[in-house]
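K.L.:
For reference, the sequence and a predicted model appear below.
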There are 2 protein chains.
Amino acid sequence: MARCWLPIGKKTSLTKLSADVTPGFKGEEASAREATEELRGELIDLQRKLYAEERQRLLIVLQAMDTGGKDGVIRKVFSGVNPLGVTVARFERPTPAELAHDYLWRVHPHVPGNGEIVIFNRSHYEDVLVVRTNKLKPKSIWSKRFEHLRNFERMLADEGTTIVKFYLHIDRDEQKERLQARLDDTSRNWKFDAHDLEQRKLWDDYMQAYRDAIVETDRKYAPWYVIPANKKWFRDWAVMRILVDTLRKMDPQYPKADFDPTTIRIV
Amino acid sequence: MARCWLPIGKKTSLTKLSADVTPGFKGEEASAREATEELRGELIDLQRKLYAEERQRLLIVLQAMDTGGKDGVIRKVFSGVNPLGVTVARFERPTPAELAHDYLWRVHPHVPGNGEIVIFNRSHYEDVLVVRTNKLKPKSIWSKRFEHLRNFERMLADEGTTIVKFYLHIDRDEQKERLQARLDDTSRNWKFDAHDLEQRKLWDDYMQAYRDAIVETDRKYAPWYVIPANKKWFRDWAVMRILVDTLRKMDPQYPKADFDPTTIRIV
């Protein structure tokens, strides 16, 4: 597939990485939306087969700064897909019971089973992001987690789970506009959280934490896709494009009937 | 502590390893039972502190052949310990939902939280034991699991869980006697399962699988203790001894009151 994401390395500064570009896509909003719609039919079809086949599993990890578009992507990409077999698992601030266990304890029960697609809206990566930028744990703790995360995902992959991870990349100015929109628009007020303003102050720390998390855990068995996400129409198309390509490679098939349907008479 | 278990290496043949010896213990049954009773008081005290402290976690993995004494150890060692804070998680034949996920999916939710002791009666190790000896998965699958198991346990340890693993070692003749006792004694009939006879035929394969599993995953952060278990009194004492020593090292403390109790009047 044409590369519709941004490659990043150890020395990449995400603060300097444009979130406005549209790699792999020539054209403007209207044609992107059209392309996305065309792919939707295929996504719906592939998911049906995955579910019927009941043999493979797809885990989608969605990470972004506040207002980065996690909810938007889920709504725009998965609208029309049969909710039977597609689950969103949302990881918010951990509960006391969750904090009393290892940080993967609350995550593991939500990974997909055979035939399932699970979307992680935030994920185990928060434990090397918010935990790091807010100094909730010392470096001696969070720095070991990169290896845990790789090992956890490799185990899932070895046992038959396909994993794709998206970081929806917006810049600080774009976040400002989107937060302002949440204040201005009464239908979006409910999404405004004063806590987000505190986190916004840590922008540069977050960009460093994201870069490290991505570089440390971007592996063949669990690749990261950094999607420039200032332009929502590009973001939606790119995520759709990657998901359809991933599912095509998984190549799910309707199971063959273990009987001859022509010999059966319904009376 | 005096070593009350058998060290084993890559070339150890468990079929040739005596299950009758009593390393680290001089004396006979009566003095072992007495020593076990003395330790019980300390176990009860240490568990109370662990629970009150609510900061550390202890995971105990119990593995053995059928009739090896897993249930017996739990009853004999943990009798008298407050069930609040001590849980047994039993892993039987996986359900269809469990089989539809990675093999650690059913295990992870049961690991201990702060202040808790969890005993795994069978465990994630079955996925390199029964799975291997019964050829439920090809070698290409189960052989990768040794590394998963190490990684899983190291993650738990890094995040604050103490892990001890016991293999209760009986020999084939001892199993014969114990199975026969289940047939002869009506109060034990309920424990007899014809399936055990099928597994008994795979004895040598099991001994090889156990040896490999133990050698591959015996690590400082998650040690294996191979306990000669033909003599139940030695088995119980050795497990008790190791658990008490482990908890002593964890050194749980009652939390200090954050108020001055002498200043408070209950009216």
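P.N.:
Perfect, thanks for sending it. Residues are numbered from 1 along each chain as shown, chains lettered A, B, ... in the order given.

K.L.:
got the phi/psi numbers for A:Leu58?
P.N.:
Dihedral angles phi and psi of A:Leu58 (degrees, to the nearest 10) take the values phi -130, psi 120.

K.L.:
you'd agree it is up against A:Pro252?
P.N.:
No: judged on Cβ atoms under 8 Å, A:Leu58 makes no contact with A:Pro252 at a distance of 9.4 Å. Using the backbone N, CA and C atoms, a C-beta is placed for each residue, glycine as well.

K.L.:
Counting neighbours, go ahead and name the busier of the two.
P.N.:
Just comparing A:Leu58 and A:Pro252: by other Cβ atoms under 10 Å in any protein chain shown the higher neighbour count belongs to A:Leu58, 24 against 21.

K.L.:
which ones are touching that one?
P.N.:
A:Leu50, A:Pro112, A:Glu116, A:Ile117, A:Val118, A:Thr161, A:Thr162, A:Ile163, A:Val164, A:Thr246, A:Leu247, A:Met250 (Cβ atoms under 8 Å, 6 or more residues apart in numbering or on different chains).

K.L.:
Compare these and tell me which is most surrounded.
P.N.:
Neighbour counts for the contacts of A:Leu58 peak at A:Pro112, which has 28 neighbours (criterion: other Cβ under 10 Å).

K.L.:
That one in helix, strand or coil?
P.N.:
Going by DSSP: H, G, I helix; E, B strand; the rest coil, the secondary structure assigned to A:Pro112 is coil.

K.L.:
So it versus A:Trp224, what's the distance?
P.N.:
Relative to A:Trp224, A:Pro112 is positioned 18 Å away (Cβ to Cβ, to the nearest Å).

K.L.:
And for A:Ala209?
P.N.:
Distance, A:Ala209 to A:Trp224, using Cβ to Cβ: 14 Å.

K.L.:
Which one's more surrounded, the two?
P.N.:
When A:Ala209 and A:Trp224 are compared for neighbours, A:Trp224 comes out ahead with 24 against 20, by other Cβ under 10 Å.

K.L.:
Run the chain-centre distance for stretch A:243-260.
P.N.:
Between the centre of stretch A:243-260 and the centre of its chain there are 23 Å (Cα atoms, centre = their mean, to the nearest Å).

K.L.:
Residues of the stretch 151-267 of chain A that sit close to chain B?
P.N.:
Taking Cβ under 8 Å from any Cβ of the partner chain as the measure of proximity, the stretch 151-267 of chain A contacts chain B at A:Asn151, A:Phe152, A:Arg154, A:Met155, A:Leu156, A:Asp158, A:Glu159, A:Gly160, A:Thr161.

K.L.:
could you dump those to TSV with secondary structure and pLDDT?
P.N.:
Below are these laid out as TSV (DSSP: H, G, I helix; E, B strand; the rest coil; pLDDT from 0 to 100):
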residue	secondary structure	pLDDT
A:Asn151	helix	98
A:Phe152	helix	98
A:Arg154	helix	98
A:Met155	helix	98
A:Leu156	helix	98
A:Asp158	helix	98
A:Glu159	coil	97
A:Gly160	coil	97
A:Thr161	strand	98
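
K.L.:
Give me the common contacts of A:Leu58 and A:Pro252.
P.N.:
Residues touching both A:Leu58 and A:Pro252 comprise A:Leu50, with contact defined as Cβ under 8 Å, 6+ apart.

K.L.:
What segments of chain A are strands?
P.N.:
A:57-64, A:86-90, A:117-121, A:161-169, A:224-228 (DSSP state E).

K.L.:
Would you mind getting the angle between the first one and strand A:86-90?
P.N.:
I take that to be strand A:57-64. Interaxial angle of strand A:57-64 relative to strand A:86-90 (axes from the mean of the first three to the mean of the last three Cα atoms, to 10 degrees): 40 degrees.

K.L.:
Equivalent analysis for the fourth one, please.
P.N.:
Orientation check (the same axes, to 10 degrees): strand A:161-169 against strand A:86-90 gives 50 degrees.

K.L.:
show me what contacts the spatially most central residue of chain A?
P.N.:
Central residue of chain A (Cα atoms, centre = their mean): A:Leu62, 2.2 Å from the mean position. With Cβ under 8 Å, 6+ apart as the criterion, the residues that contact A:Leu62 are A:Lys70, A:Val73, A:Ile74, A:Ile119, A:Phe120, A:Asn121, A:Arg122, A:Ser123, A:Phe166, A:Leu168.

K.L.:
burial measure for A:Ser140, as a count.
P.N.:
Other residues within reach of A:Ser140 by the criterion other Cβ under 10 Å amount to 8.

K.L.:
and the gap between it and B:Arg219?
P.N.:
From A:Ser140 to B:Arg219 the distance is 19 Å (Cβ to Cβ).

K.L.:
got JSON lines for the residues of the stretch 151-267 of chain A next to chain B, with distance to A:Ile214 too?
P.N.:
As requested, these are arranged in JSON lines below (distance: Cβ to Cβ, whole Å):
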{"residue": "A:Asn151", "distance to A:Ile214": "17"}
{"residue": "A:Phe152", "distance to A:Ile214": "16"}
{"residue": "A:Arg154", "distance to A:Ile214": "16"}
{"residue": "A:Met155", "distance to A:Ile214": "20"}
{"residue": "A:Leu156", "distance to A:Ile214": "18"}
{"residue": "A:Asp158", "distance to A:Ile214": "22"}
{"residue": "A:Glu159", "distance to A:Ile214": "24"}
{"residue": "A:Gly160", "distance to A:Ile214": "24"}
{"residue": "A:Thr161", "distance to A:Ile214": "20"}
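
K.L.:
which among the residues you listed end up buried?
P.N.:
A:Asn151, A:Phe152, A:Arg154, A:Met155, A:Leu156, A:Asp158, A:Glu159, A:Thr161 (16 or more other Cβ atoms under 10 Å in any protein chain shown).

K.L.:
so the second one touches A:Asp127, yeah?
P.N.:
No: contact status for A:Phe152 versus A:Asp127: not in contact, 11.0 Å apart, counting by Cβ under 8 Å.

K.L.:
how about stretch A:101-121, does it get close to chain B?
P.N.:
Yes: Stretch A:101-121 lies in contact with chain B when judged by Cβ under 8 Å from any Cβ; the contacting residues are A:His101, A:Asp102, A:Tyr103, A:Leu104, A:Trp105, A:His108, A:Pro109, A:Val111, A:Pro112, A:Gly113, A:Asn114, A:Gly115.

K.L.:
which residues touch the second one?
P.N.:
Contacts for A:Asp102 were tallied using Cβ under 8 Å, 6+ apart; they are B:Val111, B:Met155, B:Leu156, B:Glu159, B:Gly160, B:Thr161.

K.L.:
Which members of those residues additionally contact chain A?
P.N.:
Counting by Cβ under 8 Å from any Cβ, B:Val111, B:Met155, B:Leu156, B:Glu159, B:Gly160, B:Thr161 from the contacts of A:Asp102 sit close to chain A.

K.L.:
if you go through chain A in chain order, where are the helices?
P.N.:
Listed in chain order, the helices of chain A (DSSP state H) span A:29-53, A:70-78, A:96-99, A:130-133, A:139-158, A:172-184, A:194-200, A:203-217, A:232-250.

K.L.:
count of neighbours near A:Thr217?
P.N.:
A:Thr217 has 23 neighbours, counted by other Cβ under 10 Å.

K.L.:
What pLDDT does the model give the closest residue to it other than its chain neighbours?
P.N.:
Taking Cβ to Cβ, 6 or more residues apart in numbering or on different chains, and ignoring the residues beside it in sequence, A:Thr217 has A:Leu149 as its nearest neighbour in space, at 5.0 Å. Reported pLDDT at A:Leu149 in the predicted model: 98.
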